[in-house]
Every structure is written in structure tokens, then in C-alpha cells.
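A.B. asks: Let me see the structure of the following:
(one chain, ligands or ions: 3)
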Amino acid sequence: MAVILPEVSRTLNEYLLVPNLTTEDCAPDAVDLSAPLVRHPIGQPSPLRIATPLVSAIMQAVSSPRLAIALAQTGGLGFAHQNQPIAAQARMVSAVKRHKAGFRHSDINTKPTATLGEVSRLLQAAERDIAVVTDDGSPTGLFVGLIGSRDFHPQRHDLNDTVASRMRPADTLVTAPPTISLSDANTLIWDQRLDLLPIVTADGHLASIVLRRDYELHKQFRNETIDAEKRFRIGAGINTRDFRDRIPALVEAGADVLCIDSSDGYSVWQQRTLRYAVEELGGVVPVGAGNVVDGRAFRYLADAGAAFVKVGIGGGSICITRDQKGIGRGQASALIDVAAERDRYAEETGVYVPICCDGGLLADYHMAVAFALGADFIMLGRYFARFDESPSNLVKLDGQLFKEYWGEGSQRARNVARYDQGETELPFEEGVDGYVPYAGSLYPNVARTVAKLRATMVSCGATTLPDFHRDAVLVQVSQQSYLQNGAEVRLRSGSSSTGQ
Ligand SMILES: NC(=O)C1=CN([C@@H]2O[C@H](COP(=O)(O)OP(=O)(O)OC[C@H]3O[C@@H](n4cnc5c(N)ncnc54)[C@H](O)[C@@H]3O)[C@@H](O)[C@H]2O)C=CC1
Ligand SMILES: O=c1[nH]c(=O)c2[nH+]cn([C@@H]3O[C@H](COP(=O)(O)O)[C@@H](O)[C@H]3O)c2[nH]1
Ligand SMILES: [K+]
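C.D. replies: Ligands and ions are numbered 1, 2, ... in the order given. Sure, this is the predicted structure:
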């Protein structure tokens, strides 16, 4: 007879935290959110830790090199998606490894034929003073000049005039080659009184920019996720088919950690992929596995050598796998079961295998609940897709700004990936293709989320995640409390109605 588990499947939304005693030494600044990313013997540090326990989903619409760099700056980690040819994914990884701190991707760009009115709106929306002019308006086009708020004034100049008419042309500007060091770039900025130093390749293309104001800003990133050579760390997704080719290519490109990307990790395919990485490649790179929703599957993957195990089937914001295949489990129930098995496994073997909570976090406080239930770190898709740094398009619908966001199991993801196995029409889709409300830049959003997490942990009397795992007190909410939450209050404009 089939096994029917005795409890109901519960989501993160069904729990609240009951405060513990907060003492003097338990203040937001004292909270250490750092987490182990990969397996390690108990009592020894994990070879890979992150200061901010957030990682980006292995998805086309989420993890571009730009997002991975921004996330590494704030202490998290990005995962380049695997739904693309091996060479393209390896290029993403090496773009992050080659990126030099302080040299930023030029995000405010225009072209010579744009109007002054357009530039003025661009600068206002971005709260910036200066835009880079390239022949095609792209961040890697031929560098043509700079134009900023000091170059024109709406009352003195016709806003229908072109950028070309008022820009400072490239041949009059100080630029530097990509080989320049950050300290030399900063010396040039101060000596020449520049606000922006364009970094230009030998053939005249824009490579990156260095901003005077980043000189101060850079000091804020005290928790960057960097390797021994001070390069940003980056993870990458792999699959259980082409791993013999993909893993070596990603290692060659400099990937710091890999993760098998699948809706269902409890399979012999994942065991074989892990064995290949651990035994044949001698563990040159740690490989995480998943996704799972119970202790049996955790143990199977931990035994096969998984560096970490990812938890979550069907809970993602773009997920329809529960509707399509009827598989999955409430994220809270899954975490409780898997975390208990992780702790038993650690006791029995002396090895701690971290678990990652993946998908379905709709409010910041859901992250706190996930940590309280035992998650070591959290993977987010929708959350990061909303930011400037994600690779998807910004669109305006009914006067509101949105970013596109689609699942890896959607037809759209498959169309982008259209590269290998011949068959491209999916028999059925397992993800939706849609939009999420635009939320601006990653930096202030992650800072706000981290501040909320610290505040929750202070209320719960915990200054580290292991303390939080051990001491958190949770309670299930009743149907009635959902109804109470719904009392109607009309919001003043500007105040936030959601958890984010
Ligand atoms: N976390 C979630 O709830 C969900 C995630 N997704 C995402 O969608 C994407 C696709 O996921 P899946 O469809 O699970 O991909 P998958 O590649 O893991 O599995 C697809 C099918 O191929 C089979 N398979 C895998 N390796 C094989 C091999 N070497 N030989 C023969 N058969 C093999 C599997 O058993 C499965 O039936 C991933 O990016 C995943 O993260 C999709 C649905 C739900
Ligand atoms: O059912 C699904 N169909 C899909 O097409 C799909 N694509 C991604 N994922 C999973 O969702 C996670 C991100 O979830 P959030 O947007 O809720 O953070 C991701 O990290 C994945 O685990 C999918 N699930
Ligand atoms: K399975």
C-alpha cells in the first residue's frame, strides 16, 4: 500500500516566530548572518562561506554576470544558468571572474542621435549626473563621448537637439585602457578632477567605467564574496546529461561551486553526476544537488557526495509543477524534514551538509521563517528578477514598471535554449512566463532585507544562524489570523503594503 505521511503539507506562510529574550549583546550590528555553502567536517570551517546567506536562482531571467557581481559585492553568490550552450555559460562565469572591483558595467548609456530631452529623463530616472555616449547606445559600443547635467540646460538649449550637439567628444576626454589597475584609475580621477573615467579597448569600444563616487562606496562592501586572488566568486548550474563536458569547461572558466539544476534530485542521474565530480574529477569543484523535499532524498544525495542539498519542489513563484505533475511539498514541511535529516547525518558521519531553501519566498519574513526552520542559505528567483541588475527587459504595463520573469520549465526558456537535443517543443510546460513589479537596484533592496533579518533575529535572541536554528520558537497561524490580516486600511502613497 502507498505510504501516506501523517502530517499536512505546510508552507512558510503558515508560521510566525515567537520572540525569545533579547539581551544587551543581542543588537542588529552583532548579528552574524554568515553561512557555510558547502560540506565540511563538524568543528572545521566550510571551505566556502558567504557573509550574506542569499544566492540567485539558476535561471535565465535572474543570474546574469552583472547580477552575480552585484550580489557578490553584497556578500551573496550568483549561479549562472545551465539552459544554454556550454561555451556561453563558461563565458558568463569568466566575465565575473575577470571583473575587476571598482570597474563597473556602464548602465547609463545613450547614442549621439538621441535627444537632450531623452538624456535628461534618463539621468533623472537614474538619479545620475552623467551618461556615456556610444555609437549604438549599448554598454559595449564604440565610445563616442560623455554628456551630463552640466552640458546642457532646458532653458538654454532646445531639448529636441541631439546628444551629438552638446556632448563632450571622446577625443577631448581622458580615458584609460582595460589593463589599468584600480588604484591607477583612481589616481587619474583625482589628478584630472574627473567624475567618470571611461575604460576603452584598443579598438575603441567601451569596456567599463570607473566612477569617482565609487571610491567611497567601495569601502562599504566589507563582506564581498571573493576568492584568494580577490576575484568575485560565482556558482554555475549543471545538468545530469552533458556533465562530462560541462563541468570541466566551467572549472576551466573559474566557477567556484556548481549545482545540479533539476526539479527532482532524488534520481540515479544525480548520483552519477556527483560520483563523476567526486571520484573521476577528484572533487576539483564542490557540486550541490537537488531539489528534494524529504530526508530520504537528502541522505541519498549526501551519501553520493553532494556539497549541499537544495530543498523545494513546486513552491516557486513561476512554478506550476504541482499542477502539472502533482509532485511537491509545502516548503515548511520539506525544510523541517530535511533539516532534521541533515542534523542526524552530521551526528552519524561528522560531516555537515548545508541545505538551501529554494523558491516560494513571497515576503522578506519568509526568509526568517526558513532560517528558523533550519535553512543554511536561501535561493531566490522572483526576488532578484525585479532588480536593475537582472538581465530581463524592463516594461511598462498600464503605467507601472515591471521586469520580465519566466520559469526554466517554460516554453520561453526552452526557446532561448534551443541548441541541443533536437526536440524543442515541450510536451507540457512546468513554468509560467510573466512579469514582476520592478524594484530598482539590488543594493538598497538587499540591504533592507538584511536589516529585516537582523531585526527578526534580535527579537528571537539569536546572533548567528546556528543559534537561530537551535533556539527559534515558531507557531502555526490559524485561518482566522489570515482573515484578520486582511482588515482594510487604505495606504498613504509611498508606504509599503507588502513584505518587500
Ligand atoms: N524547483 C522546482 O520545483 C522546479 C524547477 N524546475 C526547473 O526547470 C528546469 C528543468 O527541470 P527538470 O525538468 O526537472 O529537468 P531534468 O533535466 O532534471 O529532468 C528532466 C527529465 O529527464 C530525466 N533525466 C535526467 N537526466 C537523465 C539522463 N542522464 N538520462 C535519461 N534521463 C534523464 C529526468 O528523470 C526527468 O524525467 C530546471 O531548471 C529546474 O530547476 C522545473 C519545475 C519545478
Ligand atoms: O515549477 C517550476 N517551473 C519552472 O519553470 C521553474 N523554473 C525555476 N523554478 C524553480 O523556482 C525557483 C525560484 O522560485 P522563486 O521565483 O519563488 O524565488 C528556482 O530556483 C527553481 O527551483 C521553477 N519551478
Ligand atoms: K525521483
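
A.B. asks: For the stretch 301-450 of the chain, give the residue positioned nearest to ligand 3.
C.D. replies: Relative to ligand 3, the nearest point of the stretch 301-450 of the chain is Ile327 (8.3 Å; Cβ to the ion). Just so you know, the C-beta spots here come from the backbone N, C-alpha and C atoms, and that holds for glycine as well.

A.B. asks: just the chain next, same as before
C.D. replies: Tyr266 (4.1 Å).

A.B. asks: Pull up the per-residue confidence for that residue.
C.D. replies: For Tyr266, the model assigns a pLDDT of 98.

A.B. asks: State the phi and psi torsions of it.
C.D. replies: Dihedral pair for Tyr266: phi -80, psi 70, per degrees, to the nearest 10.

A.B. asks: Show the contacting residues for the residue nearest to it when sequence neighbours are not counted.
C.D. replies: Using Cβ to Cβ, 6 or more residues apart in numbering and skipping the chain neighbours, the partner closest in space to Tyr266 is Ala297 (3.7 Å). Residues in contact with Ala297, defined by Cβ atoms under 8 Å, 6 or more residues apart in numbering, are Gly265, Tyr266, Val309.

A.B. asks: Please identify the buried residues of the helix or strand where Ala297 lies?
C.D. replies: Ala297 is part of helix 295-303, with elements assigned from DSSP states H and E. Buried residues in helix 295-303, counted by 16 or more other Cβ atoms under 10 Å: Gly295, Ala297, Phe298, Arg299, Tyr300, Leu301, Ala302.

A.B. asks: quick one: it near ligand 3?
C.D. replies: No - with Cβ under 5 Å from the ion as the criterion, ligand 3 is not reached by helix 295-303; the gap is at least 7.6 Å.

A.B. asks: picking up where we left off before, what about the residue of the stretch 301-450 of the chain closest to ligand 3, how many residues close to it?
C.D. replies: Other residues near Ile327 come to 12 when the count uses other Cβ atoms under 10 Å.

A.B. asks: Isn't it up against Ile313?
C.D. replies: Yes - under the criterion of Cβ atoms under 8 Å, Ile327 makes contact with Ile313 at 5.9 Å.

A.B. asks: List the residues that are in contact with both of these two.
C.D. replies: Listed as contacting both Ile327 and Ile313 by Cβ under 8 Å, 6+ apart are Ser263, Asp264, Thr321.

A.B. asks: How far does stretch 468-482 sit from its chain's centre?
C.D. replies: How far stretch 468-482 lies from its chain's middle: 27 Å, per Cα atoms, centre = their mean, to the nearest Å.

A.B. asks: Against Val62, how distant is the residue nearest to Tyr266?
C.D. replies: The spacing between Ala297 and Val62, counted by Cβ to Cβ, to the nearest Å, is 24 Å.

A.B. asks: Next up, phi/psi of the closest residue to ligand 2 within the stretch 401-500 of the chain, please.
C.D. replies: Of all residues in the stretch 401-500 of the chain, the one sitting closest to ligand 2 is Gly431 (1.8 Å; Cβ to the nearest ligand atom). The phi and psi values for Gly431, taken as degrees, to the nearest 10, are phi -160, psi 160.

A.B. asks: Just give the number of residues close to it.
C.D. replies: The burial count for Gly431: 26, using other Cβ under 10 Å.

A.B. asks: What's the first helix or strand after the helix or strand Ile199 falls within?
C.D. replies: For Ile199, the enclosing helix or strand under DSSP H and E is strand 196-200. Later in the chain than strand 196-200, the nearest helix or strand by DSSP H and E is strand 206-211.

A.B. asks: Could you list the contact residues of the stretch 51-200 of the chain toward ligand 3?
C.D. replies: Checking the stretch 51-200 of the chain against ligand 3 by Cβ under 5 Å from the ion, there are no hits.

A.B. asks: Show the residue spans covered by the strands in the stretch 51-200 of the chain.
C.D. replies: 54-56, 79-80, 109-110, 130-134, 143-148, 168-169, 196-200 (DSSP state E, counting those that start in this stretch).

A.B. asks: what about stretch 171-188, how long is it end to end?
C.D. replies: One end of stretch 171-188 sits 17 Å from the other (Cα to Cα, to the nearest Å).

A.B. asks: where are the low-confidence patches of the stretch 351-500 of the chain?
C.D. replies: For the stretch 351-500 of the chain, the stretches with pLDDT under 70 are 416-426, 481-491, 493-500.

A.B. asks: which stretches of it form helices?
C.D. replies: Ranges of helices within the stretch 351-500 of the chain are 364-372, 382-385, 411-417, 442-459, 465-471, 479-485, based on DSSP state H, counting those that start in this stretch.

A.B. asks: Spell out which parts of the chain neighbour ligand 2.
C.D. replies: The chain comes close to ligand 2 at residues 57, 59, 291, 312, 314, 316-321, 358-361, 379-383, 407-410, 430-431, as judged by Cβ under 6 Å from any ligand atom.

A.B. asks: on that earlier part again, quick one: the residue of the stretch 301-450 of the chain closest to ligand 3 from ligand 1, how far?
C.D. replies: Per Cβ to the nearest ligand atom, to the nearest Å, Ile327 is found 8 Å from ligand 1.

A.B. asks: mind checking pLDDT for that residue?
C.D. replies: The model reports Ile327 with a pLDDT of 89.

A.B. asks: got TSV for the shared contacts of Ile327 and Ile313, with neighbour count too?
C.D. replies: Below are the shared contacts of Ile327 and Ile313 laid out as TSV (neighbours: other Cβ atoms under 10 Å):
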residue	neighbour count
Ser263	20
Asp264	18
Thr321	21
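
A.B. asks: Relative to ligand 2, which of the residues you listed is nearest.
C.D. replies: For the shared contacts of Ile327 and Ile313, the closest approach to ligand 2 (Cβ to the nearest ligand atom) belongs to Thr321, at 3.6 Å.

A.B. asks: surely that closest one meets Glu429?
C.D. replies: No - using Cβ under 8 Å, Thr321 makes no contact with Glu429, being 9.8 Å away.
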